[in-house]
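J.: quick one, what's the 3D model for this:
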Amino acid sequence: MKKILYLECKTGAAGDMLMGALYSLLTEEQKVLFLEKLNAISEEVCVIPQEICKQGIGGVHMKVEINGEEEGIAHTHEHHHDHEEAHEHSHCAEHSHEEAHMHSHEDDHEHAHHHEGAQIHNHHHHEDEHAHVHHHGHHAHTSVASILEKISVLDMSDSVKKNAEGIYRNIAAAESKVHQTDMEQIHFHEVGSVDALIDVVGSCLALELLGVDEVQASPVCVGNGTVRCAHGILPVPAPATAEIIKGMPVYCSSFDGELLTPTGAAILKYFVETYTKEMHMEIEEIGYGFGTKDFAQLSCVRAFLGYQK
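T.: Numbering: from 1, shown residues only. Just a heads-up that it's a prediction; the model follows:
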């Protein structure tokens with residue numbers, strides 16, 4: 001018997017969606033260990049699984065707070081869910097709500113970054129990055145080498161750290177090609193990079209705990225239309241995402257929106273061995289992972305865990 005994980009990405013994939021879907025498949029004991037490991041990454045980080053309902057479907061959104069503020073959410077946003085209250089399960093210590101960085105968010109479902117300095121920065125590590133405008137002034141920036149160093153000292157197994165490093169290298173390689181610069185010159189926003197680090201490491205940790213023999217996935221929907229970033233209005237998939245998905249079976253949606261993020265694409269590219277429209281296995285568990293943005297139709301990653309004879 002072969003243990004199979006099948007990821008259904010008919011409405012795209014983002015790092016938080018993938019992590020939420022995988023978390024849903026864990027046993028209660030594994031969930032406790034998972035949260036302990038992730039919340040030990042940094043004192044400023046708090047990862048909280050939220051049980052929410054969208055369009056009548058229940059699933060998990062992995063809320064990531066940095067210094068008490070949720071990543072990927074503008075304070076002026078109104079969030080409309082079928083359940084007004086999300087059930088949270090927090091395993092975090094209390095965190096300060098004082099901001100180390102100044103953010104200004106506009107709720108126009110567009111995304112632009114304003115940076116001081118001439119260095120290249122990654123604009124896509126924020127899993128809900130296509131939904132917000134970020135104005136950055138004197139932010140600290142994190143280099144690829146710094147992020148890899150952070151991964152190397154995590155209290156995780158060697159396999160989790162190796163996989164997380166591989167995913168990050170793929171993202172950085174795509175960004176460097178798009179911007180026609182060396183990987184060493186790619187820099188990430190500090191807060192955004194922490195958010196992405198949680199998504200990447202969390203997905204790697206969940207997969208290790210699940211102990212699957214093979215990861216399969218459906219062809220991936222990338223979205224449609226355009227997305228606004230610091231370089232102007234660009235087509236979907238965004239340039240970095242387009243680089244990452246080379247060789248993957250993808251297609252566009254019938255409605256506008258950026259459904260596949262670079263982090264989500266990189267996680268899929270790294271782990272998925274087989275892409276197929278049809279599952280061939282005996283299903284034991286099903287998990288739903290949600291992001292923070294709503295589209296014209298339900299957007300989620302649905303994960304199936306089962307066995308193949």
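J.: wait, residue 221 touches residue 237, no?
T.: No: with the criterion set as C-beta atoms under 8 Å, residue 221 and residue 237 do not qualify as a contacting pair; they are 10.2 Å apart. The C-beta positions use only the backbone N, C-alpha and C, and glycine is treated the same way.
J.: neighbours of residue 29, how many?
T.: Using other C-beta atoms under 10 Å as the criterion, residue 29 is surrounded by 9 other residues.
J.: ok but it is inside a helix, no?
T.: Yes: the assignment for residue 29 by DSSP: H, G, I helix; E, B strand; the rest coil puts it in a helix.
J.: against residue 36, how distant is it?
T.: Taking C-beta to C-beta, to the nearest Å as the measure, residue 29 falls 11 Å from residue 36.
J.: how about residue 52, secondary structure?
T.: strand.
J.: repeat that for residue 198.
T.: The three-state label given to residue 198 by three-state DSSP is helix.
J.: what's the overlap in contacts for residue 221 and residue 237?
T.: 250, 260 (C-beta atoms under 8 Å, 6 or more residues apart in numbering).
J.: quick one, which of these two is more surrounded?
T.: Neighbours were tallied for residue 221 and for residue 237 using other C-beta under 10 Å; the higher tally belongs to residue 237 (25 against 20).
J.: excluding covalently adjacent residues, which one is nearest to that one?
T.: Residue nearest to residue 237 in three dimensions, not counting chain neighbours: residue 222, with 4.4 Å by C-beta to C-beta, 6 or more residues apart in numbering.
J.: for the chain, which spans come out with low pLDDT?
T.: Residues of the chain that meet the criterion pLDDT under 70 lie in 71-141, 188-192, 230-231.
J.: center of it, which residue is that?
T.: The residue at the geometric middle of the chain, judged as the C-alpha nearest the mean C-alpha position with C-alpha atoms, centre = their mean, is residue 15 (1.5 Å).
J.: pretty sure that one is touching residue 206, no?
T.: No: contact status for residue 15 versus residue 206: not in contact, 11.6 Å apart, counting by C-beta under 8 Å.
J.: neighbouring strands of whichever strand or helix holds the residue nearest to residue 237 in the sheet, and parallel or not?
T.: Assigned by DSSP states H and E, residue 222 falls within strand 220-224. In its sheet, strand 220-224 lies beside strand 250-252 (parallel), strand 257-258 (antiparallel), with partners assigned from DSSP bridges.
J.: closest to residue 265 out of these?
T.: Comparing these against residue 265 with C-beta to C-beta, the closest turns out to be strand 250-252 (8.8 Å).
J.: buried residues in that closest one?
T.: Neighbour counts over strand 250-252 (16 or more other C-beta atoms under 10 Å) mark residue 250 as buried.
J.: contact partners of it?
T.: Identification of contacts with strand 250-252 by C-beta under 8 Å, 6+ apart yields 219, 220, 221, 222, 223, 224, 236, 237, 260.
J.: any of those buried? List them.
T.: Taking 16+ other C-beta under 10 Å as the criterion, what is buried in the contacts of strand 250-252 is 220, 221, 222, 223, 224, 236, 237, 260.
J.: of the contacts of strand 250-252, which pair is most distant in space?
T.: Greatest spatial distance in the contacts of strand 250-252: 219 and 236, 16.0 Å, computed using C-beta to C-beta.
J.: sorry, back to before: of all the buried ones among the contacts of strand 250-252, which comes closest to residue 66?
T.: Distance ranking of those against residue 66, using C-beta to C-beta, places residue 260 first at 23.7 Å.
J.: how about the closest one: which residues does it bridge to?
T.: Beta-bridge partners for residue 260, by DSSP bridges, are residue 13.
J.: what residues are up against it?
T.: By C-beta under 8 Å, 6+ apart, the contact set of residue 260 is 9, 12, 13, 14, 220, 221, 222, 223, 237, 241, 245, 250.
J.: please name the nearest non-neighbouring residue to the second one.
T.: By that I understand residue 12. residue 259 (2.6 Å).
J.: thinking the one you found is in contact with residue 297, fair?
T.: No: the criterion here is C-beta under 8 Å, and residue 259 misses it with residue 297 at 10.0 Å.
J.: now do the shared contacts for those two.
T.: The overlap between the contact sets of residue 259 and residue 297 (C-beta under 8 Å, 6+ apart) consists of residue 11.
J.: more crowded one of the two?
T.: residue 259 (30 against 14).
J.: quick one: contacts for that one?
T.: Here residue 259 is in contact with 11, 12, 13, 221, 222, 223, 236, 253, 295, 299 (C-beta under 8 Å, 6+ apart).
J.: what do you get for residue 307?
T.: Residue 307 sits next to 1, 2, 3, 4, 281, 282, 284 when contact means C-beta under 8 Å, 6+ apart.
J.: how about 10 Å then?
T.: With contacts defined as C-beta atoms under 10 Å, 6 or more residues apart in numbering, the neighbours of residue 307 are 1, 2, 3, 4, 213, 281, 282, 283, 284.
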